[in-house]
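Student: predicted model and sequence below, questions to follow.
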Amino acid sequence: MSDTNFKMIAQTMFGLEDILIDELHTLGAIEIEKHNRAVGFQGDLGFMYKANLCLRTALRVLVPIHSFEIRNEEELYKKIKAMKWEEYMDLDDTLAINCSLNSDYFNHSQYLEQKTKDAIVDRFRELYGSRPDVDTHRPSLRINLFVSQEKCVVSLDSSGESLHKRGYRDKTNLAPINEVLAAGLVLLTDWDKKSNFVDPMCGSGTILIEAALIAANIPPGSYKDFFGFEKWKNFDRDLWNTIYDEAMSKINKNTPLIMGGEISKNVARKAIINLNEANLKHIIEIETSAFEDLQVPEGRGILIINPPYGERMNLDEDINALYKSIGDTLKKKWAGYDAWIITSNFEAAKHIRLNPKPKIKLFNGSLECRFMRYELYDGTRRKDKLPLE
């Protein structure tokens, strides 16, 4: 089976689909198809292992195994029960069901999860007189249902726990950014991985860590202690070890300056703990400093700023003044850099008083955001004029 290509689906976040496509092309996927918050592709068993280990902007890697039409819960039960689940799991294995629902025929995803579980365990009871148990934490088989109107796609989740949970983050602040989103932000900037990289409001350090993983070519899944496929009946330990060792052999030790600033000493300590957990303290520098006081590194590079959006600020704090201060600091001190700012507060962003281009629509959790690029010119920008002929 390891030499046979099969279809897979990598789930991602809104706005990161094209970045994920680029990642899959680079890894060697074939038959790539763009979907909403997902990318379909094909590869063999080893590629499935590689995708889970190396993809930075994927949340899960699913393997579709069956699809059918349903219009009520009983149809779902019958068609799930008819599937040969004994080919995928044994009696002493455990299972968990996750359902995503977008249908006029059904109202409750949890009820479909329950009916799916009932169908599977009832099949085992009829075949063997016993049944596998449910384990929502670390099951042998995590089953994913995607119901869109009357179509139901049944997939096996090869990732297990979401891939955004890298395993390096021990401490977080009140609003930690998702690791997949953080990696997507870095990749969206087209950073060359040679010039400086700065996050002057770094919080617990997630964007900095993802930038360092990208610069050093460290597989983001290398921190995880478990993937869902490791409990599958067809798991090939030798093949997995080969894929893992090959990916780790490509780590690059020559990295540029990666620096963060954080005004809160307590939050900066959390960032340093996370750097230690990720074994990246030798690559990333953290300064306890307000943005306006942060020492600008020589040369050029990229800034990514994830400022407060205003939801958690005290009533006496002025969010517009904060964004104006960000704009003023960029203009006064950071000429030669490209600054990228993500925010959901579009009104406050106007107070930066610089013209962003492009403005990319993303979501930070449930918040609709814009990721905006500000090119900070060194001196006055002048267009060369052609002589009149």
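Tutor: Received, thanks. Residues are numbered from 1 along each chain as shown.

Student: which parts of stretch 26-42 are buried?
Tutor: For stretch 26-42, the neighbour count (16 or more other CB atoms under 10 Å) marks 27, 29, 38-41 as buried. In short, each C-beta sits where N, CA and C put it, glycine included.

Student: which one of the residues you listed is nearest K115?
Tutor: Nearest to K115 among the buried residues of stretch 26-42 is A38, at 24.1 Å by CB to CB.

Student: what is the neighbour count of the closest residue to the closest one other than its chain neighbours?
Tutor: Nearest non-adjacent residue to A38, counting by CB to CB, 6 or more residues apart in numbering: Q11, 5.0 Å away. Neighbours of Q11 under the rule other CB atoms under 10 Å: 23.

Student: pLDDT score assigned to Q11?
Tutor: On pLDDT, Q11 comes in at 98.

Student: please enumerate the strands of the stretch 1-150 of the chain.
Tutor: 6-11, 30-35, 38-43, 60-69, 94-102, 133-134, 141-148 (DSSP state E, counting those that start in this stretch).

Student: next SSE downstream of the last one?
Tutor: Spelled out, it's strand 141-148. Going down the chain from strand 141-148, the next helix or strand is strand 151-157, by DSSP states H and E.

Student: now that next one, how far from the centre of its chain.
Tutor: 21 Å (CA atoms, centre = their mean, to the nearest Å).

Student: before we move on, back to that, so which of the strands of the stretch 1-150 of the chain is nearest K84?
Tutor: Within those, the stretch nearest K84 is strand 60-69; the backing value is 9.7 Å (CB to CB).

Student: what's the closest one packed up against?
Tutor: strand 6-11, helix 45-54, strand 151-157 (3 or more CB pairs under 8 Å, 6 or more residues apart in numbering; DSSP states H and E).

Student: distance from the chain centre to the shortest one, please.
Tutor: Computed by CA atoms, centre = their mean, the separation of strand 6-11 from the middle of its chain amounts to 16 Å.

Student: buried ones in it?
Tutor: 8-11.

Student: report the angle between it and helix 45-54.
Tutor: Orientation check (axes from the mean of the first three to the mean of the last three CA atoms, to 10 degrees): strand 6-11 against helix 45-54 gives 10 degrees.

Student: packing partners of strand 6-11?
Tutor: Checking 3+ CB pairs under 8 Å, 6+ apart, strand 6-11 ends up next to strand 38-43, helix 45-54, strand 60-69.

Student: partners of that strand in the sheet?
Tutor: Looking at strand 6-11 with DSSP bridges, its partner strands are strand 38-43 (antiparallel), strand 60-69 (antiparallel).

Student: over to the last one?
Tutor: Strand 151-157 sits in its sheet next to strand 60-69 (antiparallel), strand 141-148 (antiparallel), going by DSSP bridges.

Student: need those strands in CSV (columns: distance to Y88, mean pLDDT and mean neighbour count).
Tutor: Below are these laid out as CSV (distance: least, CB to CB, whole Å; pLDDT from 0 to 100; neighbours: other CB atoms under 10 Å):
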stretch, distance to Y88, mean pLDDT, mean neighbour count
strand 60-69, 8, 97, 18
strand 141-148, 6, 97, 20
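
Student: nearest to W85, out of those?
Tutor: strand 141-148 (8.4 Å).

Student: just the strands in the stretch 201-350 of the chain please.
Tutor: Under DSSP E, counting those that start in this stretch, the stretch 201-350 of the chain gives strands at 258-262, 284-288, 301-305, 337-343.

Student: out of these, flag the one nearest K224.
Tutor: Evaluated over the strands of the stretch 201-350 of the chain, closeness to K224 peaks at strand 284-288, with 20.4 Å, by CB to CB.

Student: show me what counts as buried in the closest one.
Tutor: Neighbour counts using 16+ other CB under 10 Å place 284, 286-288 of strand 284-288 among the buried residues.

Student: so for stretch 232-249, what's the average pLDDT?
Tutor: In this model, stretch 232-249 has an average pLDDT of 97.

Student: which residues are contacting that stretch?
Tutor: 1-2, 45-46, 49-50, 53-54, 87-90, 140-141, 156, 158, 219, 222, 229-230 (CB atoms under 8 Å, 6 or more residues apart in numbering).

Student: buried only: go through those residues for me.
Tutor: Buried members of the contacts of stretch 232-249, scored by 16+ other CB under 10 Å, are 45-46, 49-50, 53-54, 88-89, 140-141, 156, 158, 219, 222, 229-230.

Student: just those now: which is nearest D18?
Tutor: For those, the minimum distance to D18 (CB to CB) is 17.6 Å, reached by C54.

Student: for the closest one, which non-adjacent residue is closest in space?
Tutor: Leaving aside its chain neighbours, C54 sits nearest to P219 (4.8 Å; criterion: CB to CB, 6+ apart).

Student: give the contact list for the one you found.
Tutor: P219 makes contacts with 53-54, 213, 247-248, as judged by CB under 8 Å, 6+ apart.

Student: do you know how far I342 is from F47?
Tutor: Distance, I342 to F47, using CB to CB, to the nearest Å: 32 Å.

Student: ditto for E74
Tutor: E74 is 38 Å from F47, by CB to CB.

Student: next one: L76
Tutor: In terms of CB to CB, L76 sits 31 Å off from F47.

Student: now I286
Tutor: Plainly put, I286 is 37 Å away from F47 if you go by CB to CB.

Student: coming back round to it: max pairwise distance over the buried residues of stretch 26-42: which two?
Tutor: Going by CB to CB, the pair spanning the buried residues of stretch 26-42 furthest: L27 and A38, at 16.4 Å.

Student: would a markdown table of the strands paired with strand 151-157 with distance to G15 be doable?
Tutor: As requested, the strands paired with strand 151-157 are exported to a markdown table (distance: least, CB to CB, whole Å):
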| stretch | distance to G15 |
| --- | --- |
| strand 60-69 | 17 |
| strand 141-148 | 20 |
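
Student: alright, that wraps it up for me.
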